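> Quick one, fold the following:
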Amino acid sequence: LDFGWGVPYCVREALQQYYQRKINHIDFNDLKYHLGDGNENLIQLTRQFIKETTGEDYNHKTITNGTTTAIYIVLRVLAKSEGKNICYTHKYYFPFYPHIIEKNNYKHEKGLYREHQTQLSQEGVIGLVDSPSNPEGDLLAYGNLFNNIIWDSVYHNQVFINGIGVKPDHRINCGSYSKVLGLTGARIGWIATNSASDHALFTKENLHENCTLSHVNQKLIVDILNNIDLNNFLRAAKYRVNNNRELFEKIIYLFDNQQVPENGMFYSAWTSKHTVNVLDKLQIKYVTLDEEGGYKFLRFNLAHYNDVTQKAVRFLLKEDLK
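Sure thing, here's the model as predicted:
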């Protein structure tokens with residue numbers, strides 16, 4: 001029972017109900033290099049999609065090979081054009097962030113942003129905000145730092161947020177369709193900004209990074225967005241994720257009653273040696289984010305299939321009662 005890997009299984013399950021899969025004819029002559037900022041239809045649909053899910057309406061969008069590549073490109077461009085060389089993240093973060101940051105020759109600094117207002121306003125510094133945060137589901141808002149914030153909004157949508165979400169002031173938005181549609185393998189994301197000069201630099205770097213993007217995957221996303229009732233699908237996917245939140249609430253006593261967050265895709269909590277032993281005995285996989293003495297800070301995926309989550313919770317309760 002793998003609750004470590006961040007695949008939104010139940011979201012993809014919901015998509016299967018709302019999207020009628022079909023075989024589309026693809027002309028081999030169309031499998032060619034495309035414009036550096038992506039499929040024109042996808043760009044327009046992405047503008048509508050971002051507005052629907054975040055409330056933001058950006059002037060410029062560049063289609064990228066997922067959110068990870070989007071962040072790579074933004075960090076690299078800002079390093080070249082503005083001399084950025086320090087990147088702050090939240091105390092706990094998406095496990096790949098350090099690699100992304102350090103590969104682009106930035107120094108990675110960790111901590112809660114509220115403790116680093118002064119540092120974030122300094123020259124050479126950029127903040128990478130994932131809101132809601134991975135793994136704790138925090139909605140992060142920091143004022144007066146607009147020019148130094150990259151917002152990773154991959155979980156900021158109706159599937160993973162309950163109610164109206166707080167948004168960070170930001171210069172650049174990076175996101176993707178991977179989590180909100182459950183299609184992590186499609187690798188279709190974006191860089192969105194209101195700056196024409198930033199957009200030109202991002203598009204050029206994106207072209208150099210990828211040469212082009214998958215025409216087939218872009219066409220798939222266009223077809224999905226054109227042929228599903230988006231609001232009904234988002235509600236159905238949200239229901240499945242929230243169902244898993246309720247299931248996890250039944251076992252929080254194993255985690256010193258640390259509450260399941262209302263937002264985001266993960267449940268993270270400090271655990272005792274007893275809880276770790278029970279998890280390991282049942283072969284329930286998790287991600288270890290931190291260790292302190294005999295305790296571990298673990299991360300669990302809240303977007304697994306509902307029946308798999310129910311089975312894991314039932315096994316945990318049964319094993320703990322022995």
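
> now the helices: where do they sit in this protein?
9-18, 40-54, 66-82, 97-103, 117-120, 196-210, 215-227, 230-249, 273-281, 306-320 (DSSP state H).

> Tell me how far the second one lies from the chain's centre.
Read that as helix 40-54. 17 Å (C-alpha atoms, centre = their mean, to the nearest Å).

> helices or strands up against that helix?
strand 60-64, strand 172-176, strand 189-193, helix 215-227, helix 230-249 (3 or more C-beta pairs under 8 Å, 6 or more residues apart in numbering; DSSP states H and E). C-betas here are computed from N, CA, C, even on glycine.

> mind checking how far the last one is from the chain centre?
Distance of helix 230-249 from its chain centroid, counting by C-alpha atoms, centre = their mean, is 16 Å.

> Tell me which residues of stretch 276-291 come out buried.
By 16 or more other C-beta atoms under 10 Å, the buried positions in stretch 276-291 come out as V276, V278, L279, I284, Y286, V287, L289.

> Distance from the chain centre to stretch 159-173, please.
12 Å.

> Check stretch 78-90 too.
With C-alpha atoms, centre = their mean, you get 20 Å for stretch 78-90.

> Can you give me the end-to-end span of that stretch?
Using C-alpha to C-alpha, to the nearest Å, one end of stretch 78-90 lies 20 Å from the other.

> Check stretch 94-108 too.
Terminal-residue distance, stretch 94-108 (C-alpha to C-alpha): 13 Å.

> got the contact list for S153?
T53, T54, D130, S131, N173, C174, G175 (C-beta atoms under 8 Å, 6 or more residues apart in numbering).

> is the third one in a bridge, and if so with what?
Put plainly, it is D130. Following DSSP bridges, D130 is listed with bridge partners D152.

> measure the closest residue in space to F146 that isn't next to it in sequence to Y72 for me?
Counting by C-beta to C-beta, 6 or more residues apart in numbering, the nearest residue to F146 once its immediate chain neighbours are dropped is D169, at 4.5 Å. Distance, D169 to Y72, by C-beta to C-beta, to the nearest Å: 23 Å.

> These two: which has the busier surroundings?
Y72 (21 against 15; other C-beta atoms under 10 Å).

> From V313, how far off is that one?
Distance from Y72 to V313, by C-beta to C-beta: 37 Å.

> about what we covered before: most neighbours per residue, which of the helices of the chain?
Mean neighbour count, computed with mean count of other C-beta atoms under 10 Å, is highest for helix 66-82 among the helices of the chain, reaching a mean of 21.
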